[in-house]
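# missing the sequence, but the structure's below:
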């Protein structure tokens, strides 16, 4: 079930349970992705968004935080590709209304709705730009950045998200939090200018396809480093606020990162690139409005909201329908 993803809140073997442990990229990396994406934006959008960069950075983790009280939130962060067979990229419909004609809705939600929900949030951002509503733009842009970032990491795209089926418990945090924590300054690659995305439905599935390609290496490299690095050097106690936390050592994480060939640096850079591209495309689709209305950034919608996937406008069938 989708709620099983909540176990990721406790990744890593700790001397004491730590409130700082986080899902996905980890809070630090999610904030870094959103803030960095702002600086990639072309003018005049850069000028409109730059005053809100702190808000976009700080709200980058709001989607993770909502999982504590919104029962529909967890499923928006992943899709279990392996549960849909080898033909998932060929036959899975891009539109939600088409997907629930092919598959039972409960099954779709159980195995994650990340690609469809990401497109839904993009539509919300387009509408917010069109209205010039700074508060709504910040909220939806920050959420969009979060979901796009999740789509760039392999362990959000398989059911073995924490190595629970292969005896590799804790691999989620090892891949997506430990590597950035230790090496984020060494991870980033050169950026290109944001690009116009004519069809975000195609884009999100292309991102997911690319991100899932190195899935086998994610697990194989962890096994290899467990045998290469002496057991006594694989973990170290780390002071985290007032707690002493047991985490993978820098030596072990370096072994893992090198075995992966800098994979997470590539995914981090691609996340920043695509977040900026999706923001820019939303602004263009909204008609390239001039500026945002300056007002207090309040968030009256900050409560569980009905899932709007079923109300997403039908945009036409772009993928071959699944077999009956």
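Sure, I can see it. Remember, it's a predicted structure, so these values are computed and weren't measured experimentally.

# Tell me, what's the model's pLDDT at the most centrally placed residue in the chain?
Nearest to the mean C-alpha position of the chain, by Cα atoms, centre = their mean, lies residue 150 at 1.5 Å. You'll see residue 150 listed with a pLDDT of 97.

# Packing partners of the host helix or strand of it?
Residue 150 is located in helix 134-151, with elements delineated by DSSP states H and E. Here helix 134-151 touches helix 27-40, helix 53-58, helix 62-66, helix 114-131, helix 200-212, helix 263-285, going by 3 or more Cβ pairs under 8 Å, 6 or more residues apart in numbering; DSSP states H and E. (Each C-beta comes from the backbone N, C-alpha and C, glycine too.)

# Just the buried residues of the longest one, please?
For helix 263-285, a neighbour-count test (16 or more other Cβ atoms under 10 Å) marks 263-283, 285 as buried.

# One more: the fifth one?
Of all the residues in helix 200-212, those buried under the rule 16+ other Cβ under 10 Å are 200, 201, 203, 204, 205, 207, 208, 211, 212.

# what sits against the last one?
Listed by Cβ atoms under 8 Å, 6 or more residues apart in numbering, the contact partners of residue 212 are 81, 154, 157, 158.

# can you tell me which of the residues you listed are in strands?
Per DSSP state E, strands hold no members of the contacts of residue 212.

# Relative to residue 292, which of the residues you listed is nearest.
Among the contacts of residue 212, residue 157 lies closest to residue 292 (Cβ to Cβ), at 33.8 Å.

# Apart from its chain neighbours, what residue comes closest to the closest one?
residue 212 (4.5 Å; Cβ to Cβ, 6 or more residues apart in numbering).

# Where does pLDDT dip in this structure?
1-25, 294-324 (pLDDT under 70).

# Is it possible to get JSON lines of the contacts of residue 212 that adds neighbour count and distance to residue 90?
Shown next, in JSON lines, are the contacts of residue 212 (neighbours: other Cβ atoms under 10 Å; distance: Cβ to Cβ, whole Å):
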{"residue": "81", "neighbour count": "23", "distance to residue 90": "12"}
{"residue": "154", "neighbour count": "24", "distance to residue 90": "20"}
{"residue": "157", "neighbour count": "25", "distance to residue 90": "16"}
{"residue": "158", "neighbour count": "19", "distance to residue 90": "18"}
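
# May I see the residues you listed organised as TSV, with distance to residue 41 added?
Output for the contacts of residue 212, formatted as TSV (distance: Cβ to Cβ, whole Å):
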residue	distance to residue 41
81	31
154	27
157	27
158	32
